[in-house]
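Chemist: coords please:
(4 chains)
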Amino acid sequence: MKGIVKQFKEGLLTNNPVFVQFLGMCSTMAISINIQNALGMGLAATAVLICSNAVISLLRKVIPAKVRIASYIVIVAGFVTAIDLLMQAYLPDLSESLGVFIPLIVVNCIILARAEAFASKNKVLPSAIDGLTMGLGFTFALLIMSTIREILGSGTLAGVQVMPDGYEPVMLLILPAGGFLTLGCLVALFQKIMKRRG
Amino acid sequence: MLSISSVLIPAATLGAMGLFFGALLAVSSKLFHVAQDPRIGEVTDTLPGANCGGCGYAGCANLAEAIVAGKAPVSSCPVGGPPVAEKIAAIMGVEAGDVGRMVAHVNCRGGDNAKRKYQYQGMKDCLSASKVAGGPLECTYGCLGLGSCVKVCKYGALHIENGVAVVDAKKCVACGACASVCPRHLISMVSDKQDVFVSCSSHLRGTELRRICNIGCIGCMLCQKACPSGAITVTDNLASIDYDKCTNCGACAAACPRKLIVNASESAPQAAQ
Amino acid sequence: MSGSELFSIALGAILINNFIFSRFLGICPFLGVSKKVETATGMGMAVIFVITVASAATYVLNEFILVPLELEYMQTVAFILVIASLVQFVEMVLMKLMPALYQALGIYLPLITTNCAVLGVALLNVQNDYNFVESVLFGFTAAVGFTLAIILLASIRERLEFADEPECFKGFPIVLITSGLLAIAFMGFQGLSIF
Amino acid sequence: MNKALQPLKQSKFMQNPYVQEIVKLALPLLIITVIVAGVLGGVNAITADKIAELAVQKTQQAMSGIIPGAQFEQVDFTDESGIINEVYTATSGGEYAGMCIRVSPNGFSNVIEIIVGISPENTVLGIEIVSSSETSGLGSRASEDEWRAQFVGKTGPLTVQKNTATGENDIVAITGATITSRAVAEGVQTALDYAAAHAAEVTE
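Modeler: A predicted model of the protein is given here:
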């Protein structure tokens, strides 16, 4: 049990995939414009992470080293396409707003990094839990990013007008450049907190 | 609906592609087989594989090659830390222990004791400062204390104490980043078992040196006479210790009138006056 | 497809919709490998080499295998299989035939498989249904855009070593802020359009 | 299993190192790709008709939004512009009530699907953005009602203006999303041209 709590703490805080390991930043910055996108992307990525980590650690002894990367990616791509198709059929509006970013989960560095660094070296259950914790860490980072960018950038939160009418939204935060700036400040803040807590 | 063909066709096409690429990789791995030290593969696997570049190399395989070729120390992976270092040491057949932990050491203690030629207000970087008329210090060998080594060190093992860089042996992993960035080349890698050091690198003659720094080596040779094992010799107005012969007895530190020979085992002596 | 159309694809991919600053593809290697200019150039060359070959390969694959068999939904899996094997194959060939070039590109080749830009280009080629020449050109110019961005950032980062930014901004945060400013600069090209 | 493979293993064919390497590497990859492809084939078969059904449903909804109470009948079409996907004729109460054309111009980040309703007198009855993944907060504001309402009643060549609409056929672009606004205008213009050219052939 203790191991799992440690993994959760690691996934969300000390070893957060976005703020500490700097993985998966392509989708973090591009998607985090509003909360629904962030939540949708985060949960889809978490689902893929759990399944792919579990399956990869199941097959880790069977896959020879030379074709390791190719087979991992095919497994991950298989899961992503399956989830993409299911989403298009049963969650059409979410799938439309996530657009081109669902296929890009395949090459989202978090999934392959966790598969390579963790799943290929550990048993099935820890790998699945690692997938879950890293996925939640990723969603946690996405949510923070999107709350800031949506409130300041378009004055709404989950589509609901939050800021007073006189508020002139900071358009820059919605644009790509805003992604870089917001993530930069967030990582700085994160490093400051982690440094003070030793 | 779920018909057989709608499952068979994709399975067949992708299976054929998988086979084709698998075969391509297999044949090419045989055809283009390059004799490579198998240990590189093993070391790459033990490294975390995040290719973060924290060790200064462009990725883990690159670092593995450097370690196997002996160019990089066993413990240069910051992310992996000691556990990974031990595993790599085992692969390399080198015990992490017996190689002796190397530690960086700054061969100067001038800092605020050294006289200034001018008040430097440029970029807080030793390299840039040393370009301005040979640096703000009268002494052309001494530490400028602007902290380029502190900035480059990824483990926070260096800090500036009254004008001169000091190494915290516990945190230092001997990655050599500070040694390469210091424009005066004052930082050398020594075994952490060595306690006695000459903390000066100036070859100026005694009279000249007395004027510009009150704790520099004047080449009076007293230490050379006092040393029982002949480990310390004065060459070109500067005392230097042969670390293999030195037994850390501290006789030279006691004999030195300028108190600049540091004996880490006792508390570091204060400046001369 | 007339010359001006090709030119507009090229200019679009390099400046207007630069792959890093406005499409957000390939950020992980972009931030990871841009410490020094020559490592960045090495990465840039490797990316140009692989993306151009990958665009050609994925176009051929899509046009002659996936579309006739109505397997469009398999695009992602098929493309990524091709890219991964292509990169590994190219790495082996280079290691044997051109060791000097391999040393230069060396470690960046496996890094590229996990690069979103490569798959991004392949998918965008299909979406804009470019023909063969347009796809290869789009791949090539997208990679040139990537290289331009990574070299720009690498040269700035080398000077960043001497700036004394606040303690918590050291490392990645200051790099992200710099990329943000570069992205703002690249936004200036948005208005550019070719007729 | 191993005993059964024994004869095969001894055969000369298997001794060749290339073949052994191929078997060692290609077999796992083959197995994985076949399984993954099989699963995907299955998932696709299940979801294919659901997705198609959803698409048709969405188009119907959009079209009845533009010409309420009309029946729509798909008509085949000759498409020169390259961005027209479908053409429907609308008949309400038995007589011809106009045409709905689905166009998909290239927007800023992706293709935008629009349904343009055109009255028999070749004026725009209304437009509906079926699908667009433009940057939300900017390009996505194209689907807001008052911006789309600008198109209603327009006939002539549409021109996109940055701030104020002076001419009779002007459309005010969304601030910060001129590329999306231009794309939508281009889509509507193509539909208008098509309707004008083919109105006669459809009504008889």
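
Chemist: quickly find the element holding A:G153.
Modeler: Assessed by DSSP states H and E, A:G153 sits inside helix A:124-154.

Chemist: that helix near chain D anywhere?
Modeler: Yes - using C-beta under 8 Å from any C-beta of the partner chain, helix A:124-154 comes into contact with chain D via A:G153, A:S154. Quick note: C-beta positions are derived from backbone N, CA and C, even for glycine.

Chemist: that helix: what's the following helix or strand?
Modeler: Criterion used, DSSP H and E; the element after helix A:124-154 is strand A:156-157.

Chemist: tell me which residues in the longest helix out of those in chain C are buried?
Modeler: In chain C, taking DSSP state H as the definition, the longest helix is helix C:132-160. The neighbour-count check on helix C:132-160 (16 or more other C-beta atoms under 10 Å in any protein chain shown) flags C:134-154, C:156-157 as buried.

Chemist: now swap in stretch B:161-168 and tell me
Modeler: Within stretch B:161-168, the residues scored as buried using 16+ other C-beta under 10 Å are B:G163, B:V164, B:A165, B:V166, B:V167.

Chemist: can you pull out the low-pLDDT segments for chain D?
Modeler: Scanning chain D for pLDDT under 70 picks out the ranges D:1-10, D:108-110, D:133-138, D:202-204.

Chemist: output the longest helix belonging to it.
Modeler: Assigned via DSSP H, chain D shows its longest helix as helix D:17-66.

Chemist: can that one be said to contact chain A?
Modeler: Yes - using C-beta under 8 Å from any C-beta, helix D:17-66 reaches chain A at D:24-26, D:28-29, D:32-33, D:36-37, D:39-40, D:43-44, D:46-47, D:50-51, D:54, D:58.

Chemist: can you tell me which of those are buried?
Modeler: The buried subset of the residues of helix D:17-66 next to chain A (16+ other C-beta under 10 Å) comprises D:25-26, D:28-29, D:32-33, D:36-37, D:39-40, D:43-44, D:47, D:51, D:58.

Chemist: related to what we said a few turns ago, how about the longest helix of chain C against chain A, any contact?
Modeler: No - using C-beta under 8 Å from any C-beta, helix C:132-160 never reaches chain A; the gap is at least 10.7 Å.

Chemist: packing partners for that helix?
Modeler: On a contact count with 3 or more C-beta pairs under 8 Å, 6 or more residues apart in numbering or on different chains; DSSP states H and E, helix C:132-160 meets helix C:3-11, helix C:27-32, helix C:37-61, helix C:116-127, helix C:172-187.

Chemist: quick check: buried residues in the third one?
Modeler: Buried residues in helix C:37-61, counted by 16+ other C-beta under 10 Å: C:37, C:39-40, C:42-59, C:61.

Chemist: show me the contacts for the residue nearest to the spatial centre of chain B.
Modeler: The centroid of chain B falls nearest to B:G176 when counting by C-alpha atoms, centre = their mean (2.2 Å). Shown in contact with B:G176 (C-beta atoms under 8 Å, 6 or more residues apart in numbering or on different chains): B:P73, B:A104, B:M189.

Chemist: most neighbours among the residues you listed, which one?
Modeler: Within those, B:A104 tops the neighbour count with 25 neighbours, counted by other C-beta atoms under 10 Å in any protein chain shown.

Chemist: report the angle between the longest helix of chain C and helix C:116-127.
Modeler: 150 degrees (axes from the mean of the first three to the mean of the last three C-alpha atoms, to 10 degrees).

Chemist: follow-up on the earlier one: and the helix holding A:G153 with chain C, contact?
Modeler: No - judged by C-beta under 8 Å from any C-beta, helix A:124-154 makes no contact with chain C; its nearest approach is 11.7 Å.

Chemist: hang on, the earlier thing: partner strands of the next helix or strand after the longest helix of chain D, with direction?
Modeler: Once helix D:17-66 ends, the next helix or strand along the chain (criterion: DSSP H and E) is strand D:71-75. Strand pairing for strand D:71-75, determined by DSSP bridges: strand D:84-92 (antiparallel).

Chemist: which of the buried residues of stretch B:161-168 fall in strands?
Modeler: Within those, residues falling in strands by DSSP state E are B:V164, B:A165, B:V166, B:V167.

Chemist: okay, the residues you listed in CSV with distance to C:Y130 and pLDDT next?
Modeler: Below are these laid out as CSV (distance: C-beta to C-beta, whole Å; pLDDT from 0 to 100):
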residue, distance to C:Y130, pLDDT
B:V164, 63, 88
B:A165, 57, 90
B:V166, 61, 89
B:V167, 58, 88
